[in-house]
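**Q** return atomic coordinates for the entry below.
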Amino acid sequence: MHAVIRRGRKRSARAEGPGGARAPRKVYARPAALTDVQTHYCPGCGHGIVHKVIAETMDALHITDRCVGIAPVGCAVLAYFYFACDVTEAAHGRGPAVATGIKRARPDTIVFSYQGDGDLAAIGTAETIHAANRGENITVVFVNNSVYGMTGGQMAPTTLPGQKTATCPAGRDPDDVGTPIRMCELINTLDRPYHIERVALDSPQGVRSLRRALRAAFGAQVEGRGYSFVEVLSACPTYQRLSPARALKFVGEKMAAHFPVRVFRREGKCVDA
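**A** So this is what the prediction gives:
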C-alpha cells in the first residue's frame, strides 16, 4: 500500500519501505481485551461496537485482568466469548445482584453488568433500582434498542409510542400499555449514583461519546466512587424492521427525541439539562 506524499514534505527514511515507498502506518488494532472471535450479532447491530469500546476502556485503564463481566439474558448472552476477562451468567434481570455479590466478596475486582432493555428495565427493574439506590461500586452498561431482540422482536419497556413490534403490530398504544420507561431519569431520582449518562450510537460522534462515558464510569469504579450507569441507544435493524442505515437514523432522530442524550449525574451531582 502506497501512501500519498503531500507536496513540500520530505519523506523520513524511517517511514520508507522497500523501493523507497512510504510504509503503511497502522492506525487501528483490535483491543487486547477483545477476543479474536467473530460475533453472532446481526448486521447493523450496535452490540459489537459497545463490546469494542468496553474492551478499549479496559485496555486504556489497564484493568482487564481485574474485570468481571455479567452477561445478560438477551442478545449479548454469549458475551463471555468476546471479552478477554472473566464473565459470568446471571438469571434474567439479576445482573446487578450478581455484580453486587462479586464486588462485595472481591472488592479488588472491577465488575460490570451488561444488560438489554428487557433484562434491565422489565424483569430486572427491582435489582436495577436497588443496586443504584445502595450506591454499589459497580458499572452498569444498558443497551437500549427499543425492542426484544433475542426472543423475536416483541414490545419492550423502551418501545416508542406507535412503534410496531411482534406483540403490538398496530404500534405501541400508551393508553393501553403506558409510555416508554426512561431509566436514566428514573435512576437520577436516587441519592447514591455517582455517574449517569445516555449516549446514542448513531454516528462516529456517538461512538466517541460512548468512549468518554465508559472511561468516566469505569474510572469511577477504579477510584471507589460508587455506582455508574451508562445507557446506550442502539440500532436493531432486524426487529426495528429497518435497513442498517435507516436504523441509525431511527436511533438519532426517533429514539433520542424520547430518550435525551446527555449526562444526568457527574461526580455524584445532578447535571442540569
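
**Q** got a list of what the spatially closest residue to Ser234 that is not a sequence neighbour touches?
**A** Spatially, and ignoring its direct neighbours in sequence, Ser234 is nearest to Gly46 (3.1 Å; C-beta to C-beta, 6 or more residues apart in numbering). The C-beta positions use only the backbone N, C-alpha and C, and glycine is treated the same way. Shown here is Gly46, whose contacts under the criterion C-beta atoms under 8 Å, 6 or more residues apart in numbering are Val143, Asn145, Leu201, Val232, Ser234, Ala235, Cys236.

**Q** how does it look with 10 Å?
**A** Taking C-beta atoms under 10 Å, 6 or more residues apart in numbering as the contact definition, Gly46 lies against 75, 143-145, 200-202, 206-207, 210, 232-237, 247-248, 251.

**Q** show me where the stretch 51-200 of the chain has strands.
**A** If you assign secondary structure with DSSP state E, counting those that start in this stretch, the strands in the stretch 51-200 of the chain sit at 67-71, 86-89, 110-116, 139-144, 195-200.

**Q** JSON lines for those, including mean neighbour count and mean pLDDT?
**A** Below are the strands of the stretch 51-200 of the chain laid out as JSON lines (neighbours: other C-beta atoms under 10 Å; pLDDT from 0 to 100):
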{"stretch": "strand 67-71", "mean neighbour count": "24", "mean pLDDT": "98"}
{"stretch": "strand 86-89", "mean neighbour count": "16", "mean pLDDT": "96"}
{"stretch": "strand 110-116", "mean neighbour count": "28", "mean pLDDT": "98"}
{"stretch": "strand 139-144", "mean neighbour count": "28", "mean pLDDT": "98"}
{"stretch": "strand 195-200", "mean neighbour count": "25", "mean pLDDT": "98"}
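
**Q** got CSV for those strands, with distance to Asn133 too?
**A** Formatted as CSV, the entries for the strands of the stretch 51-200 of the chain read as follows, by distance: least, C-beta to C-beta, whole Å:
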stretch, distance to Asn133
strand 67-71, 18
strand 86-89, 23
strand 110-116, 15
strand 139-144, 13
strand 195-200, 13
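
**Q** what helices and strands are in contact with the longest helix anywhere in the chain?
**A** Ranked by residue count and defined by DSSP state H, the top helix of the chain is helix 204-222. Using 3 or more C-beta pairs under 10 Å, 6 or more residues apart in numbering; DSSP states H and E as the contact criterion, the elements in contact with helix 204-222 are helix 47-61, strand 110-116, strand 139-144, strand 195-200, strand 228-233, strand 262-266.
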